[in-house]
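Undergrad: Turn this into a model:
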Amino acid sequence: KAQEANTVGRITLDETGYPSLVRIASRLRELGRPFLTIDGDKLASEPRLYLSRMCEFAKGIPFDEAMLQWEAGPKQYDGVWANKWYSKLHASTGWVSS
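TA: Sure thing, here's the model as predicted:
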């Protein structure tokens, strides 16, 4: 991970987006609006459990076993940065615990 960090240089806390997420979560809490926070490491280690929870929270999106696996390779909806960000994803066919 340290090697990956060196490729983008130094970034500020604001550039991570974390402070904005905290403000959004705080505002949602103030308004009494439900929101779901998922730890990415837990999602990667127990995808069936956490994807099921996400679907349950979303109401109306049924969990599907197909969410656990996919075909390797780029997708038409990847976007312009895919070749920079998605190399490991494109090589994968399912969830991998970090």
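Undergrad: Would you tell me what helix or strand the closest residue in space to Val96 that isn't next to it in sequence is located in?
TA: Counting by Cβ to Cβ, 6 or more residues apart in numbering, Ala44 is the residue found nearest to Val96 once chain neighbours are left out, at 6.5 Å. Where C-beta positions appear, they are placed from N, C-alpha and C, glycine not excepted. Per DSSP states H and E, Ala44 falls inside helix 40-45.
Undergrad: Now that helix: average pLDDT?
TA: Mean per-residue pLDDT for helix 40-45: 92.
Undergrad: What helices and strands are in contact with the very next helix or strand once past that helix?
TA: Heading C-terminal from helix 40-45, the first helix or strand you meet, by DSSP H and E, is helix 47-58. For helix 47-58, the packing partners by 3 or more Cβ pairs under 8 Å, 6 or more residues apart in numbering; DSSP states H and E come out as helix 40-45.
Undergrad: Span of stretch 29-43 from start to end?
TA: 23 Å (Cα to Cα, to the nearest Å).
Undergrad: Tell me the buried residues in the helix holding Ala44?
TA: Neighbour-count burial for helix 40-45, counted by 16 or more other Cβ atoms under 10 Å, picks out Leu43.
Undergrad: now what about it, what contacts it?
TA: Contact partners of helix 40-45, identified using Cβ atoms under 8 Å, 6 or more residues apart in numbering, comprise 50-51, 95-98.
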